[in-house]
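[1] What follows is a protein structure lacking sequence information:
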């Protein structure tokens, strides 16, 4: 439980922008194709 909680907070702070950028890139590629 504690590990999952830490991972959740870590992912929120660290991964949020990277994941958003990644999905934005995927959406742009899908729009182009």
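    Good, I have the coordinates. Here the structure is a predicted model, which is why all the values come from computation and not from measurement.

[2] At the geometric centre of the protein, which residue sits there?
    residue 19 (2.2 Å; CA atoms, centre = their mean).

[3] average model confidence for the helix or strand encompassing it?
    Element membership of residue 19, judged by DSSP states H and E, is helix 16-32. The pLDDT scores in helix 16-32 average 84.

[4] From residue 17, how far out is residue 6?
    According to CB to CB, to the nearest Å, residue 6 and residue 17 sit 19 Å apart. Quick note: C-beta positions are derived from backbone N, CA and C, even for glycine.

[5] Please apply the same query to residue 8.
    16 Å.

[6] how many neighbours does residue 28 have?
    For residue 28, the count of nearby residues is 10 (other CB atoms under 10 Å).

[7] quick thing: my sequence starts at 806, can you match it?
    With 806 as the first residue, the last one maps to residue 833.

[8] count of residues packed around residue 828?
    10.

[9] Also residue 814?
    Count around residue 814 with other CB under 10 Å applied: 10.

[10] Repeat that for residue 836.
    7.

[11] repeat for residue 826
    With other CB under 10 Å as criterion, residue 826 counts 10.

[12] go on, residue 809?
    Around residue 809 there are 8 other residues, counting by other CB under 10 Å.

[13] same deal with residue 829?
    The burial count for residue 829: 10, using other CB under 10 Å.

[14] That one and residue 822, how far apart?
    Applying CB to CB to residue 829 and residue 822 gives a distance of 10 Å.
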